[in-house]
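*Asks:* Please work out how this folds:
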Amino acid sequence: MSDIFSGLEKLGFNNIEAMDIFEDEKKKRAKMKIKKTSKISAKDLLYDRKVLCPVCGEKFITRTVRAGKAKLLSIDTDLRPKYDIITPYVYDVILCNCCGYAALSKFFKKITVTQADWIRKQISNTYRGREYPAEYTYEVAIERYKLALLNAVVKKVKASEKAYICLKIAWLYRCYSEELLQNENPSDELIEENHKYEMIFIEKAYEGFINTYENEDFPVCGMQEMTVMYLMGDLARKLGKLDESTKWVSKVIVSRTANERLKDKARNIKNLVKQQKRINARNKVDD
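*Replies:* Predicted coordinates for the structure are as follows:
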């Protein structure tokens, strides 16, 4: 590097032998490398949002996941999305810690004067608020969802909303079990208990969606009729109601309105049902 600026001495530049002409660019590359390799945490994807409670009128802060920041990895057969860093629906319940009113974010403001009065009488008079951590565990999320379900029952909302809450609670129990399985010594007892409650809420979701299909107009909870029928087919399969599962997914497969992607999912469920029936038949023979 010492001869790069040779000849400038007569202009007064005598001490520039050690100068690196690409020093700034090297620093920039080093900073970019650090930025790329640094891991984004769940905390980085959360922010506080101010909310006005429609029941008691109090303003409070709720934790929210930044839109579009969670990367989708896969989707289970019952439409549970799996993400890489953070699970957005863990934070989907908005809870007023003053009066105990809780609901999914899409339903929080949808409350009548009469429903608010029911909440004050049946929830607020009993509710005891508590502090929640900055980042929710699955246990915390399940607690908040169950309170949202209780509020939904008190509000006498449509079956679709209650079924949707039950479905997401089932997802959370599954998430919790998967997290436990990553531990070095997972608790088999707790995993078994989680699975038990997952199936309880799957059954409630199935019951609720049947009621929805028979009595409500579509779309519901952001889902069209064919999506709900497909979902009922998979929930029925999980519950061992194999003939009912086949009935629902077959309707999707022959539908003129269902898209090919959903039909492929329905065909997959139908194949899983056939496999399960063969296993059941073999087990019956062995017995």
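*Asks:* All the helices of the stretch 101-250 of the chain, in order from the start?
*Replies:* Per DSSP state H, counting those that start in this stretch, the stretch 101-250 of the chain carries helices over the ranges 113-119, 138-155, 159-181, 188-215, 225-238, 242-254.
*Asks:* JSON lines for the ones you listed, including distance to Lys270?
*Replies:* C-beta coordinates here come from the backbone N, C-alpha and C atoms, glycine included. Putting these into JSON lines (distance: least, C-beta to C-beta, whole Å) gives the following:
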{"stretch": "helix 113-119", "distance to Lys270": "41"}
{"stretch": "helix 138-155", "distance to Lys270": "31"}
{"stretch": "helix 159-181", "distance to Lys270": "21"}
{"stretch": "helix 188-215", "distance to Lys270": "17"}
{"stretch": "helix 225-238", "distance to Lys270": "8"}
{"stretch": "helix 242-254", "distance to Lys270": "5"}
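*Asks:* just these: most buried one?
*Replies:* Most buried of the helices of the stretch 101-250 of the chain by mean neighbour count (mean count of other C-beta atoms under 10 Å) is helix 225-238; its value is a mean of 24.
*Asks:* which other residues reach it?
*Replies:* Helix 225-238 has contacts (C-beta atoms under 8 Å, 6 or more residues apart in numbering) with 77-79, 167, 199, 202, 205-206, 209-210, 212-213, 218-220, 223, 242, 244-249, 251-252, 255, 257-258, 262, 265-266, 269, 272-273, 276.
*Asks:* Give me the angle between that helix and helix 188-215.
*Replies:* 140 degrees (axes from the mean of the first three to the mean of the last three C-alpha atoms, to 10 degrees).
*Asks:* follow-up on the earlier one: so which of the helices of the stretch 101-250 of the chain comes closest to Arg29?
*Replies:* Judged by C-beta to C-beta, the one of these that comes nearest to Arg29 is helix 159-181, at 37.3 Å.
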